[in-house]
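Asks: next one to model:
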Amino acid sequence: MTQDQTGRKGAQTVMVAFMLTLTLASSMPDVGCSPRVFRVRDYGAAADGRSDCTAAINAAIAAAVASGSPAEVRFDEGKYRITATCRHGYCIPITQAADLTVRGRGKATQIIVASPDAGAFHVSLGRNVAIRDLTVDYDPAPFLQGVVRAVNVGEGWFDLEVAAGYATPDASNFVHAMEPYGKWGMIMDPALRRIRAGTPDHYMTPRWEHRGGRTWRFFTQEEHYRLGLRQMRVGDSYVHLARGYGGAFLAQGCDGIAIENVTVHASPGLAVGLVGNKGTVRVRKLEVRFAPGTDRLLSTNADGIHCQQNRSGPIIEDCYFEGMADDAINIYAPPNTLLEKRTEKEWLVTPNCSILPGDQLIVLDPKTGVVRGTVKALTVTPEGRAFRIGLDRCVEDAVAGPDHRSADTLYNLDACGAGFRILRNRMNGNRRYGCLIRAGDGIIEGNVFSDTTGAGVTLVNEPDWPEGPVPWNVTIRQNRFIRGGTCRGYADGGHGALHVRASKLGHGLADVPALRDIRVEDNSFEDYLGPAVYVSAAIGLRITGNRFIGQAQALAASAPAMIVERSRNVRVEDNVVADRRPSASAGLVIMPDVAQGEEGIIVKDNRTTMRPDAKAIDDRRPSRR
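Replies: Down below sits the predicted model:
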């Protein structure tokens with residue numbers, strides 16, 4: 001299992017059944033009157049941190065939804081303890097609400113989830129729903145942490161003494177964590193409160209046994225995890241999580257959803273999940289932070305904001321992220337696998353992603369990474385656990401098969417979060433990526449990405465996982481990238497602080513350029529630990545007006561400012577490289593598979609200040625005779 005295979009299957013599994021029956025809520029005009037107020041205290045909720053307030057809160061919300069008019073459910077200051085009735089469920093389900101706001105009193109309103117294997121708020125099939133001004137935390141925490149007391153690389157195990165105040169791994173949420181990607185952990189740097197630099201970014205440990213007291217022996221799953229124990233030291237701090245399906249907030253199938261000015265200190269899964277929504281989809285001033293006054297080394301067990309098959313581009317602005325066990329922001333759609341070609345224009349596909357009449361779908365050959373073409377769905381009919389779709393045109397050589405590795409895959413351009421806006425956020429020290437983007441027509445502007453274990457921004461399709469589509473028409477502008485790629489296999493494995501790539505099965509590079517119209521403008525790349533910008537298999541790439549500043553030691557032996565590979569119609573202009581480190585081998589590396597001449601790459605008006613033995617341009621293409 002690679003670094004990218006640690007936990008998005010749960011959301012896809014839930015969505016298969018959901019998308020077979022989902023009818024998105026239809027748009028209706030706002031009523032325009034003042035909302036009717038429903039106070040949770042009037043329904044028996046006691047903000048004392050001890051009483052179970054679940055029933056009272058749900059009663060207040062049910063009354064607000066049933067009122068049929070714009071409504072606001074209000075929390076006072078204090079701590080509201082809530083529980084779930086079933087594992088992997090949600091404590092506060094909100095279904096088919098219209099013009100509803102759930103509002104607290106800012107950080108003074110704390111929702112304490114006492115079920116570590118459950119989510120907090122689930123909004124489904126709503127219209128114009130907002131959750132504002134409150135904090136979510138978990139007690140007990142949905143993870144444990146402690147100190148490594150022994151390591152045996154040969155036998156593939158380590159002993160962990162669990163710290164006081166944390167549940168031990170025989171607790172139900174650890175035992176029943178989602179399989180196979182819910183039982184794993186990380187070596188942490190307790191001073192920096194992030195994964196220790198130079199170590200693997202996870203260890204899969206699906207089995208453990210009690211050794212006495214608060215000490216437990218964890219066994220690694222596969223050979224490369226066993227070998228990864230060579231980077232583990234006695235005395236290391238370590239976090240083991242129980243990743244679940246629940247999150248602090250999940251909005252699913254809504255027409256208009258806003259999550260604003262909320263703080264998340266912990267979650268068994270996502271901080272915020274946005275799945276299958278349309279209309280305005282906005283997350284503003286979300287803070288994912290370590291709980292104050294604690295020694296916690298983790299915030300959420302999964303992504304900060306996870307966006308799947310939304311029909312509107314999410315607007316994510318002025319947020320702060322730290323301590324998550326996965327990406328800060330993830331935007332994508334799962335594919336529909338081509339199961340059968342009934343005729344050239346009538347196909348049977350899997351239901352993993354919603355398809356509506358009129359949707360545009362790209363057809364990807366995952367074996368080569370080549371996009372065969374784009375089709376429009378004229379008709380969509382459920383047929384068993386599949387969709388029968390009628391298309392507007394034929395696609396030559398499309399291949400049917402039983403799964404995404406043997407067949408072509410379809411990605412819905414109208415249900416992938418296209419049109420996203422990621423503005424003025426800060427991502428600090430989380431595992432993996434700051435932004436993982438598989439969508440198009442988007443802007444990433446004014447953000448700060450610091451000390452992520454992987455790239456600050458990654459634009460890539462992932463046929464192996466599988467997720468997509470191939471990104472297109474994305475502007476990355478006026479951001480700061482500080483270090484990044486601190487774990488093994490990232491900066492030292494060739495990932496850039498900005499990593500742009502079109503892929504095929506086997507985690508290979510697509511046979512031909514496929515990413516289109518990517519603009520990298522006016523960014524600052526500081527102390528990059530490997531390459532700063534690494535772009536592969538792109539068409540219409542622009543890298544202009546960026547600053548590359550290297551002072552601190554890199555992790556990679558070679559850390560050029562820019563690498564361009566298997567791309568065409570590229571312009572690299574007006575960039576400044578100031579990097580005298582020994583690792584700074586070049587300002588720009590042009591790989592051999594970049595086309596010759598202006599069809600390949602134009603390099604103009606760049607300035608470099610580097611060591612005398614470094615090359616401003618390292619052009620590795622064969623010389624033309």
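Asks: the stretch 301-450 of the chain: helices as residue ranges?
Replies: With DSSP state H, counting those that start in this stretch, there are no helices along the stretch 301-450 of the chain.
Asks: which residues touch the residue positioned nearest the centre of the chain?
Replies: In the chain, the residue lying closest to the centroid (Cα atoms, centre = their mean) is Asn330, at 2.8 Å. Counting by Cβ atoms under 8 Å, 6 or more residues apart in numbering, Asn330 touches 8, 303, 305-307, 433, 435-436. Heads up, the C-betas are built off the backbone N, CA and C, glycines and all.
Asks: try it again with 6 Å
Replies: 303, 306, 436 (Cβ atoms under 6 Å, 6 or more residues apart in numbering).
Asks: relative to Val500, how far out is Asp201?
Replies: The gap separating Asp201 from Val500 is 20 Å, by Cβ to Cβ, to the nearest Å.
Asks: one step back: who's the residue nearest to the centre of the chain bridged to?
Replies: On the basis of DSSP bridges, Asn330 is bridged to His306, Leu436.
Asks: before we move on, the earlier item: adding pLDDT, write the contacts of Asn330 out as TSV.
Replies: What follows is those, written out as TSV (pLDDT from 0 to 100):
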residue	pLDDT
Asp303	98
His306	98
Leu436	98
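Asks: top of those by neighbour count?
Replies: Within the contacts of Asn330, most neighbours by other Cβ atoms under 10 Å means Asp303, with 31 neighbours.
Asks: surely that one and Asp326 touch.
Replies: Yes: counting by Cβ atoms under 6 Å, Asp326 is a contact partner of Asp303 at 4.6 Å.
Asks: and the contacts of Asn330, which is closest to Gln596?
Replies: Nearest to Gln596 among these is Leu436, at 32.9 Å by Cβ to Cβ.
Asks: hang on, the earlier thing: who's more crowded, Asp201 and Val500?
Replies: Comparing Asp201 with Val500 by other Cβ under 10 Å, the one with more neighbours is Val500, at 28 against 22.
Asks: show me where the stretch 1-150 of the chain has strands.
Replies: 36-39, 48-52, 71-74, 78-82, 90-95, 98-103, 109-113, 119-124, 127-138, 143-152 (DSSP state E, counting those that start in this stretch).
Asks: out of these, flag the one nearest Gly246.
Replies: Short answer: strand 119-124, nearest of the strands of the stretch 1-150 of the chain by Cβ to Cβ, at 2.8 Å.
Asks: and that closest one, which strands flank it?
Replies: Strand 119-124 has the following sheet partners, assigned by DSSP bridges: strand 90-95 (parallel), strand 249-252 (parallel).
Asks: among these, which is the most enclosed?
Replies: Looking across these with neighbours counted as mean count of other Cβ atoms under 10 Å, the highest average goes to strand 249-252: a mean of 24.
Asks: if we can go back for a sec, so what's the residue nearest to the centre of the chain scoring on pLDDT?
Replies: Reported pLDDT at Asn330 in the predicted model: 98.
Asks: what do you get for Asp492?
Replies: Asp492 carries a pLDDT value of 82.
Asks: now swap in Ala556 and tell me
Replies: 82.
Asks: and it, backbone torsions?
Replies: phi -80, psi 150 (degrees, to the nearest 10).
Asks: quick one on the thing from earlier: nearest to Glu209 among the strands paired with strand 119-124 would be which one?
Replies: Taking the strands paired with strand 119-124 one by one with Cβ to Cβ, strand 90-95 is closest: 32.2 Å.
Asks: can you add mean pLDDT and give the strands of the stretch 1-150 of the chain back as JSON lines?
Replies: Formatted as JSON lines, those follow (pLDDT from 0 to 100):
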{"stretch": "strand 36-39", "mean pLDDT": "98"}
{"stretch": "strand 48-52", "mean pLDDT": "98"}
{"stretch": "strand 71-74", "mean pLDDT": "98"}
{"stretch": "strand 78-82", "mean pLDDT": "98"}
{"stretch": "strand 90-95", "mean pLDDT": "98"}
{"stretch": "strand 98-103", "mean pLDDT": "98"}
{"stretch": "strand 109-113", "mean pLDDT": "98"}
{"stretch": "strand 119-124", "mean pLDDT": "98"}
{"stretch": "strand 127-138", "mean pLDDT": "98"}
{"stretch": "strand 143-152", "mean pLDDT": "98"}
